[in-house]
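In: A structural model of the following input is requested.
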Amino acid sequence: MNRKQLAEEIVDFFAIYKLLKKQKGLALTANQVEEQLGDVSFVENLIHIVILKTKYRKHIDKDRLKRLLVALEEIRLDLEYI
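Out: Residues are numbered from 1 along each chain as shown. The predicted structure follows:
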């Protein structure tokens with residue numbers, strides 16, 4: 001999965017499961033996420049948010065969640081060991 005596809009998947013996942021509260025005029029867009037995927041702290045925070053927000057939810061596609069976390073972890077490892 002390339003970064004553009006991953007960014008779109010992240011935004012879609014967050015929207016479907018309402019993981020972030022929308023604030024006035026503030027929306028998470030795939031372009032913003034894609035730009036930030038080069039920052040290791042952003043990726044680590046994203047992993048942390050996904051884990052915390054989905055831990056106790058019952059109606060989450062576990063396979064989709066695993067694929068998302070694995071893709072984020074691969075990016076995090078690539079950024080840390082470049």
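
In: how much space between the spatially most central residue of the chain and Tyr56?
Out: Nearest to the geometric centre of the chain sits Ile10, at 4.2 Å (C-alpha atoms, centre = their mean). Counting by C-beta to C-beta, to the nearest Å, the gap from Ile10 to Tyr56 is 20 Å. (Glycine included, C-beta is placed from N, CA and C.)

In: Give me the contact list for the longest helix along the chain.
Out: In the chain, with assignment by DSSP state H, the single longest helix is helix 62-80. With contact meaning C-beta atoms under 8 Å, 6 or more residues apart in numbering, helix 62-80 is reached by 1, 3, 6, 9-10, 13, 37-40, 43-44, 46-47, 50-51, 54.

In: same thing but 10 Å
Out: Helix 62-80 is touched from outside by 1-3, 5-6, 9-10, 12-14, 16-17, 37-44, 46-47, 50-51, 54, 57, 61, with contacts defined as C-beta atoms under 10 Å, 6 or more residues apart in numbering.

In: Where does the prediction get shaky in this structure?
Out: Filtered on pLDDT under 70, the chain yields the residue ranges 22-27.

In: Nice, that's everything, thank you.
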